[in-house]
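1. Using only what follows, build the 3D model:
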Amino acid sequence: MFSNRVPGDRRPNAFTSALSRAKARGPIVDLTTTNPTSAGFRYPADLLAPLADAAGLAYQPHAFGLAVARAAVAATYRARGLDIPPERIVLTASTSEAYSLLFKLLCDPGSRVLTPVPSYPLFDHLTALDAVDQARYALEFHGSWTIDLPSLDLVWNDRTRCVLAVTPNNPTGSVLRGGDADELINRCAGRTAALILDEVFWDYPLGGPLEDPDALRQPAALTFRLGGLSKTAGLPQVKLGWIAVQGPDAAVADALDRLELICDTYLSVSTPVQLAAPSLLERGAAIRAQIVDRIRRNHAFLGARLAGSSASVLPADGGWSAVIRVPATRPEESIVLDLLEHDAVVVHPGYFFDFPNEAFLVVSLLPEPAIFDRGVQLLQDRLHAA
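-> Below you'll find the predicted structure:
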């Protein structure tokens, strides 16, 4: 009776089972948390007060969202030096929903979507739930991460409708640079495909400010940029995302005309959050600043703590994660399970993100320093004990 879009085998894996046992035994040191609201940041008590604006009592549906909210989002791009007018901003309830809307816009059942690896496993579910075929292209590490273009061309076929790029990538923290951006745009423009840029971590550089490659400032291919309050304002519980549409004028106009029908069918974004968007984006700057300080501090501590050891932290440009390369003397899953069973420390194995080989561990940079430092110490001790 059920569709194949939901996996038939939903039994917990070894990691999930070990995590449940560790939680049952007592407190854990969680180095995988991605929820900023539980990571000790200071949120103003009245931050969500704009959600109570009395204007929200009136319902005036707009397929792409209220003008005031779209203008506020457009202003964030203008601050980056990108001219994307409010008329090319589409509001969604989340980035995940944005993907679903774009798959409906671009794909028929069985159309192909190209996604990067390593990357966040959410794409497996998003593509399956919209009945599109996911094919993966590789990111290669050789001191920095770049697209393996032969692997991209190998999986590109006549059913390919769009390419996904995550910048900064989760979990590698790498950004799309000029050469790779040129190659993606040229392929998409020449092969009648769209480019989807997931930029939810753009506001979180680990070093200097991130820069948009020239090819992406005024792209020659139909391009969709994704963002949302979940990361931009550290408010995952306030459901507002967006799509910014760029590219040749005719293609943009056609895409927006079709998107209007799709969005008008769902009308998923609440009026109160749209009215609150200008305030939340403005005041979210203080939350972002705290998060940037935290991730930079934890990233620096991690690098210093592991310096000179058998493990190393891979370089990253931005985002909330760090990748640790450890000796491939035993499976990374064994290390992760030992940490759970013996130390009550939670880290993710690299295979969760489809790293092509052993052995990598992925940790979040969000935990409070005392928790993060203790977890890193226990991790280092476990690696030395192996």
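2. hey, let's count contacts and neighbours off CA atoms from now on
-> Fine.
3. Send me the lengthiest strand in the chain as PDB with only the CA atoms.
-> Longest strand in the chain by number of residues, with DSSP state E as the criterion: strand 133-141. Taking Å, rounded to 0.1, in the frame of the first residue of the first chain, the C-alpha atoms of strand 133-141 are listed here in PDB:
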ATOM      1  CA  ASP A 133      17.100  10.100  -9.800                       C
ATOM      2  CA  GLN A 134      20.100  11.200  -7.700                       C
ATOM      3  CA  ALA A 135      23.500  10.800  -9.200                       C
ATOM      4  CA  ARG A 136      26.700  11.900  -7.400                       C
ATOM      5  CA  TYR A 137      29.700  13.800  -8.600                       C
ATOM      6  CA  ALA A 138      32.900  13.800  -6.500                       C
ATOM      7  CA  LEU A 139      34.700  16.500  -4.600                       C
ATOM      8  CA  GLU A 140      38.400  15.800  -4.500                       C
ATOM      9  CA  PHE A 141      40.800  16.800  -1.700                       C
END
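4. who does it pair up with?
-> With DSSP bridges as the test, strand 133-141 is paired with strand 112-117 (parallel), strand 145-147 (antiparallel).
5. what's the distance between the shortest one and the middle of its chain?
-> The one in question is strand 145-147. Taking Cα atoms, centre = their mean, to the nearest Å, the mean C-alpha location of strand 145-147 is offset from the chain mean by 17 Å.
6. And for the helix or strand just after that strand, what's in contact with it?
-> For strand 145-147, the following helix or strand on the C-terminal side (DSSP states H and E) is helix 149-155. Helix 149-155 has contacts (Cα atoms under 8 Å, 6 or more residues apart in numbering) with 114, 135, 136, 137, 138.
7. so how far is helix 149-155 off the chain centroid?
-> 23 Å.
8. Need the winner for burial among the strands paired with strand 133-141.
-> strand 112-117 (a mean of 23; mean count of other Cα atoms under 10 Å).
9. Buried residues, the helix or strand harbouring residue 69. List them.
-> Applying DSSP H and E as the criterion places residue 69 in helix 67-79. By 16 or more other Cα atoms under 10 Å, the buried positions in helix 67-79 come out as 69, 70, 71, 72, 73, 74, 75.
10. What of stretch 365-372?
-> Neighbour-count burial for stretch 365-372, counted by 16+ other Cα under 10 Å, picks out 365, 366, 367, 368, 369, 371, 372.
11. Return the member of those nearest to residue 306.
-> Closest approach to residue 306 among these (Cα to Cα): residue 372, at 13.4 Å.
12. wait, what's in contact with the closest one?
-> 29, 31, 298, 365.
13. Can you check what pLDDT the model gives residue 24?
-> Looking at residue 24, its pLDDT is 93.
14. Near it, how many other residues are there?
-> A count of neighbours around residue 24, defined by other Cα atoms under 10 Å, yields 10.
15. And residue 247, how close does it get to residue 53?
-> From residue 247 across to residue 53, the span is 36 Å (Cα to Cα, to the nearest Å).
16. which SS class is residue 303?
-> Three-state call for residue 303 (DSSP: H, G, I helix; E, B strand; the rest coil): helix.
17. Bridged to the spatially closest residue to it that is not a sequence neighbour, which residues?
-> With Cα to Cα, 6 or more residues apart in numbering as the criterion, residue 303 has its nearest non-adjacent residue at 5.8 Å, and that residue is residue 313. Beta-bridge pairing of residue 313 under DSSP bridges involves residue 324.
18. Surely residue 313 and residue 304 touch.
-> No - using Cα atoms under 8 Å, residue 313 is not in contact with residue 304, being 9.4 Å away.
19. if we can go back for a sec, mind checking which of residue 247 and residue 53 has more residues around it?
-> For residue 247 and residue 53, the more surrounded residue by other Cα under 10 Å is residue 247, and the numbers stand at 20 against 13.
20. what sits against the more buried one?
-> 218, 219, 220, 221, 222, 223.
21. The second one: what's its closest spatial neighbour, skipping adjacent residues?
-> I take that to be residue 219. residue 247 (5.1 Å).
22. For that neighbour, give its distance to residue 83.
-> According to Cα to Cα, residue 247 stands 12 Å off from residue 83.
23. again with residue 139
-> Taken as Cα to Cα, the span from residue 139 to residue 83 is 29 Å.
24. which one of those two has more residues nearby?
-> Between residue 139 and residue 83, counted using other Cα under 10 Å, the more crowded position is residue 139 (22 against 14).
25. Make sure that one is actually in contact with residue 118.
-> Yes - between residue 139 and residue 118 there is a contact under Cα under 8 Å: 6.5 Å.
26. And for the spatially closest residue to residue 355 that is not a sequence neighbour, the neighbour number?
-> Excluding the flanking residues, the one nearest residue 355 by Cα to Cα, 6+ apart is residue 118, at 5.1 Å. Neighbourhood size, residue 118 [other Cα under 10 Å]: 22.
27. go on, residue 281?
-> 19.
28. Quick check: phi and psi at the residue nearest to residue 219.
-> phi 130, psi -170 (degrees, to the nearest 10).
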